[in-house]
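> Here is my input; please provide its structure:
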Amino acid sequence: MIIETLKKSRIFSPLSEEVLEEISPYFEPLDFKKGDFIFNEGDESKWLFLVSRSRVKMAKHSLTGKDVILEIKSPGGMFCCAAVLDSRPYPESAQAMGDVSVIRINRQNLTKIIDKYPGLKIEFAKYASDKLSDAYENFKHIATEKVEKRIAYVLLKISHKSDQDKGGFTKTDFPVKRQEIAEMVGASVETCIRTIKVFEKEGMVQSSGRKLLVNVEALQTFLNDQENG
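Numbering: from 1, shown residues only. Below you'll find the model as predicted:
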């Protein structure tokens with residue numbers, strides 16, 4: 001499981017099979033039940049985690065007491081690496097969305113393999129740059145865009161994590177609750193439900209049980225029209 005997870009990771013996948021075999025003993029696997037917290041916001045960041053199975057929800061506590069979902073991590077996804085490398089507390093909480101398997105490595109061993117394989121420094125730098133760009137885009141959407149556009153943006157972002165095509169629609173390969181989408185865009189659940197129903201009527205999304213089918217082209221056209229409008 002460890003090597004397979006590393007192969008799915010953006011940071012570690014460029015390493016050769018031989019190197020992955022060499023560094024794999026530094027990682028250890030862990031399992032969490034649905035709803036379990038892997039760590040809480042403010043905890044000491046001793047470990048870097050990567051998702052092996054299911055999904056992990058990254059959330060931050062707001063001043064109003066509600067959780068704001070920042071991101072959903074899929075297999076191969078890594079979280080809070082900057083905090084671990086900088087010895088800062090975890091800036092957000094990580095919660096299992098299903099029965100989750102992860103692998104983890106402590107700071108000391110992570111530093112050891114980065115020093116041994118300098119190419120990892122470049123990969124971590126690229127990753128940090130992209131995360132900063134994503135954070136800016138997320139802030140811009142929440143702060144300045146209409147709720148319909150924010151929801152469309154999140155649905156596109158979720159669909160990009162899946163390659164399950166079904167008749168022109170991309171099927172998200174994990175259940176997404178309307179409440180979770182609402183928490184990601186900073187809107188009420190009722191507003192989120194109404195907006196998705198409008199999207200369904202216009203052929204941009206379809207409901208398939210507890211999962212959503214996303215018409216990527218139609219949603220992207222909607223966002224482009226909003227930009228030009």
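> element containing the closest residue in space to Lys121 that isn't next to it in sequence?
Counting by C-beta to C-beta, 6 or more residues apart in numbering, Ile114 is the residue found nearest to Lys121 once chain neighbours are left out, at 6.0 Å. Using the backbone N, CA and C atoms, a C-beta is placed for each residue, glycine as well. Element membership of Ile114 [criterion: DSSP states H and E] is helix 107-116.
> what does Arg194 give?
Per DSSP H and E: helix 189-201 holds Arg194.
> what's the spacing between that helix and its chain's center?
Relative to the centre of its chain, helix 189-201 is centred 22 Å away, using C-alpha atoms, centre = their mean, to the nearest Å.
> Mean confidence (pLDDT) on it, please.
Averaged across helix 189-201, the pLDDT comes to 88.
> okay but Glu202 is in contact with Leu219, surely?
No. Contact criterion C-beta atoms under 8 Å: Glu202 and Leu219 do not qualify, at 9.8 Å.
> okay, those two: which has more neighbours?
Leu219 (21 against 12; other C-beta atoms under 10 Å).
> Test of understanding: give the bridge partners of Val102.
Leu30, Val51 (DSSP bridges).
> what number of residues lie near Tyr127?
Neighbours of Tyr127 using other C-beta under 10 Å come to 16.
> From Pro14, how far out is the closest residue to Val198 other than its chain neighbours?
The shortest distance from Val198 to any non-neighbouring residue, by C-beta to C-beta, 6+ apart, is to Glu148 (7.6 Å). Counting by C-beta to C-beta, to the nearest Å, the gap from Glu148 to Pro14 is 39 Å.
> Tell me which of the two has more neighbours.
The neighbour count for Glu148 versus Pro14, taken as other C-beta under 10 Å, is higher for Glu148 (19 against 13).
> among the helices and strands of this structure, which has the poorest mean pLDDT?
The weakest-scoring helix or strand in the chain, judged by mean pLDDT, DSSP states H and E, is strand 164-166 (a mean of 56).
> surely the residue nearest to Lys121 meets Phe124?
Yes. Counting by C-beta under 8 Å, Phe124 is a contact partner of Ile114 at 7.2 Å.
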